[in-house]
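Peer 1: Predicted structure and sequence below. I'll ask about it afterward.
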Amino acid sequence: QTSIFLPPPGIAGKPWDEDLFVKNGGKGEETAEPSADPSGEEEITLRVLATGTDYPEVIDEAVKEKFPNVTLEWETISWNDLNGKMQQYMQSGMPDIVIGKSQDANNYGKYNVWADLTDKPYMEKVSAQALPGVTIEDKVLGMSCTALYGGVFYNKKIFKDQHLEVPTTWDEMEEVVKKLNDAGITPFATHYMENILYTTCLYTLPNMYEASATWGEDFKNGERNAEDPEFKGGYEKVKYMMENSWEDTYSIDQTTCDARFVKGEAAMQVDGSWCINNYLVLDDSFEFGLFPVPNENGDAKLVFEPDITFFQSADTKYSDLIDDIFALMTESDVIGGICDSVSEGSLVEGANVTFTNPSQSDIDMYTEKGQIFDINLIGCQTPAAGFWDECSSDLSEWLHGNMSLEDALKNADSRRNLCGFKEFE
C-alpha cells in the first residue's frame, strides 16, 4: 500500500482542455442529464473506481444486502495510477463513485468533478479530524473513513530488555541509538531499495508546518528555502537513520524490511501504519508501539493522514442513491469491516473494528493529548509528483555519494514553482 501524497492532476505528454473541464464539471462536451428514480426496483449499475483491492468485497456485500437492485461495477487500480485514470474519465465521463485518498479533494477539486457533501446527514458521523483535508473553499468534497498514521514503530521487547524509554527529543533519540549500537542491535529497519519519499516527508513536513503553516506557499514565493533548518534537517536525519541501519539497506524492499523488523533484527522502523497488517501476518503475537519522530523541542506530533475517502461524481444521475450508499458506509459493521480489511483505524464514530493493533493504545494516547498532525495541511502545498519524488531521488544520490548536500538542496529550490496552494476557479 502506498501513502500519502498528492500527485497533481495534470499528466505529462497528455494535453487536455482544462477550461472545458472546469466549465462542464469534467465532461468532454455538454450533454443532457437524464433523471433517475433509484427508489423503485429499477436495475441500476453504478461505476466505481477504487484505489484499493482489500475493501471492495465488504462494500459490495453491504450494498447487495441493502439495495438488491443495485450492482457496483468495480475498477480497482493503484492510487499511483489515479492521475491517468482521472484525466481519461474527465474527458470520457466520470464514474459515479471514486474511492481515493483525502488529498484527491484538493488534487481534482478545481475541475468540478466532485459533488458537495457539506451538510449531508451521514457526514455528522465522520470525525472532525477528517474534514480539513477534504474541504475546499468551505465545501466538503469527500468522506474520509479510515486513517493512516506515520512515525517510529518500535519493538517493545527490545526496548524493555534494553531498559529504553520512548524518546521525545532528538537528543534522546541519539541516546537510544547509541545504547542499541553498544548492545549490538541495529537501531533502524529500512528499505532503501525503493524511493524514500515517505521517510523523507516524515522527517521534514511536520517541522516545516511548525515553522510556518503556509511553508509551501512561502517557499513558492521565495520566502523559505531548502537550506532552512526544518527542511535541510530532514535530509540530515534520513542520512543518520541510514547510517544506523543495515549495510545492505539499498537492496532491501518493504516486505523484507518488515520481516526483519518482526524477527527483532532492528529495534525501530520509521514508516506508515500500512506496515501493521504485514507485521501481524508475519507474527500475530508481535508486540510493537508507535511514537512521533522526535524533534528538538520534545513536542513532536504523530503524523496522521485520512486515507480511504469516498467521492461522488458531480455528474452522476444517481446522487440520492449514492448518498444512501455513503450513509450505509458509516454504519458500524460496514465501516468496521472496511477498517478490518485494510487494518486501519476508523474516522467514523461507532465503528465495529475488530482487528488487533498493538500500537492502538499509543495512537489513542497521542490523539487524546492533541499530539497528532494531519500531514495534508502541509502536504497539499508540497506535492509528491515533481517535488518530493525528485527531492527524495536527489537525497538518495547524496546518500550514495553521487551528489553534495548543497546541490541536492539547490535542486529542491529549483522546484519551488511546483509548490504552494492550488488555485480554484
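Peer 2: Now that the structure is in, tell me what you want to look at. Being a predicted model, the structure only gives us computed values, none of them experimental. Numbers count the residues shown, from 1 in each chain.
Peer 1: Please name the strands paired to the longest strand along the chain in the sheet, noting orientation.
Peer 2: If each strand of the chain is counted by residues according to DSSP state E, the longest one is strand 146-155. According to DSSP bridges, the neighbouring strands of strand 146-155, each with its direction, are strand 268-272 (antiparallel), strand 288-291 (antiparallel), strand 302-306 (antiparallel), strand 345-346 (antiparallel).
Peer 1: who touches the second one?
Peer 2: Applying C-beta atoms under 8 Å, 6 or more residues apart in numbering, the set of residues contacting strand 288-291 from outside is 149, 151-156, 159, 166-168, 273, 279, 302, 358-359, 362-363. The way it works is simple: take the backbone N, C-alpha and C, and place the C-beta from them, glycine included.
Peer 1: And the nearest residue to Ser212 once chain neighbours are set aside, which helix or strand is it part of?
Peer 2: Here the nearest residue to Ser212 in space, its sequence neighbours aside, is Asp218; by C-beta to C-beta, 6 or more residues apart in numbering that works out to 5.5 Å. Following DSSP states H and E, the helix or strand that holds Asp218 is helix 215-220.
Peer 1: Which positions within whichever helix or strand comes after that helix qualify as buried?
Peer 2: Sequence order places helix 229-243 as the next helix or strand after helix 215-220, per DSSP H and E. Residues of helix 229-243 classed as buried by neighbour count (16 or more other C-beta atoms under 10 Å): 230-235, 237-238, 240-242.
Peer 1: With stretch 48-58 instead?
Peer 2: Counting neighbours by 16+ other C-beta under 10 Å, the buried set in stretch 48-58 is 48-52, 54-56, 58.
Peer 1: what's the answer for stretch 404-419, then?
Peer 2: Quick answer for stretch 404-419 (16+ other C-beta under 10 Å): 405, 408-409, 411-412, 415-416, 418-419.
Peer 1: With only the CA atoms kept, save it in PDB.
Peer 2: Output of stretch 404-419 as PDB, limited to C-alpha atoms (Å, rounded to 0.1, in the frame of the first residue of the first chain):
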ATOM      1  CA  SER A 404      26.600  17.100  -2.500                       C
ATOM      2  CA  LEU A 405      24.000  18.100   0.100                       C
ATOM      3  CA  GLU A 406      24.400  21.700  -1.200                       C
ATOM      4  CA  ASP A 407      23.500  20.600  -4.700                       C
ATOM      5  CA  ALA A 408      20.600  18.500  -3.500                       C
ATOM      6  CA  LEU A 409      19.100  21.400  -1.700                       C
ATOM      7  CA  LYS A 410      19.700  23.800  -4.600                       C
ATOM      8  CA  ASN A 411      17.700  21.300  -6.800                       C
ATOM      9  CA  ALA A 412      14.900  21.500  -4.300                       C
ATOM     10  CA  ASP A 413      14.900  25.300  -4.500                       C
ATOM     11  CA  SER A 414      14.700  25.000  -8.300                       C
ATOM     12  CA  ARG A 415      11.300  23.200  -7.900                       C
ATOM     13  CA  ARG A 416       9.700  25.900  -5.800                       C
ATOM     14  CA  ASN A 417       7.300  26.800  -8.600                       C
ATOM     15  CA  LEU A 418       5.600  23.400  -8.200                       C
ATOM     16  CA  CYS A 419       4.600  24.300  -4.600                       C
END
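Peer 1: what mean pLDDT does it have?
Peer 2: Model confidence over stretch 404-419 averages 96 on the pLDDT scale.
Peer 1: same deal with stretch 104-117?
Peer 2: For stretch 104-117, the mean per-residue pLDDT is 92.
Peer 1: Quick check on the contacts of strand 288-291: which are buried?
Peer 2: For those, a neighbour count by 16+ other C-beta under 10 Å gives the buried set as 149, 151-155, 159, 166-168, 273, 279, 302, 358-359, 362-363.
Peer 1: So Ala226 sits against Ser414, correct?
Peer 2: No: here Ala226 lies out of contact with Ser414, judged by C-beta atoms under 8 Å, at a distance of 9.3 Å.
Peer 1: Could you report the neighbour count for Thr190?
Peer 2: Neighbouring residues of Thr190 were enumerated by other C-beta atoms under 10 Å; the total is 26.
Peer 1: To clarify, my last question referred to Val177.
Peer 2: Counted with other C-beta under 10 Å, the burial measure for Val177 works out to 21 neighbours.
Peer 1: ok, now which ones touch it?
Peer 2: With contacts defined as C-beta under 8 Å, 6+ apart, Val177 is in contact with 187-188, 244.
Peer 1: JSON lines for the buried residues of stretch 404-419, including secondary structure?
Peer 2: Formatted as JSON lines, those follow (DSSP: H, G, I helix; E, B strand; the rest coil):
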{"residue": "Leu405", "secondary structure": "helix"}
{"residue": "Ala408", "secondary structure": "helix"}
{"residue": "Leu409", "secondary structure": "helix"}
{"residue": "Asn411", "secondary structure": "helix"}
{"residue": "Ala412", "secondary structure": "helix"}
{"residue": "Arg415", "secondary structure": "coil"}
{"residue": "Arg416", "secondary structure": "helix"}
{"residue": "Leu418", "secondary structure": "helix"}
{"residue": "Cys419", "secondary structure": "coil"}
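Peer 1: Identify, from those residues, the entry nearest to Ile375.
Peer 2: Proximity to Ile375 was ranked across the buried residues of stretch 404-419 by C-beta to C-beta; first place goes to Cys419, at 15.0 Å.
Peer 1: from memory that closest one sits against Gly222, does it?
Peer 2: No: applying C-beta under 8 Å as the test, Cys419 and Gly222 come out as separate, 11.0 Å apart.
Peer 1: thinking again about what came up before, so which of the contacts of Val177 comes closest to Met94?
Peer 2: Distances from these to Met94 were compared by C-beta to C-beta; the smallest belongs to Phe188, at 42.9 Å.
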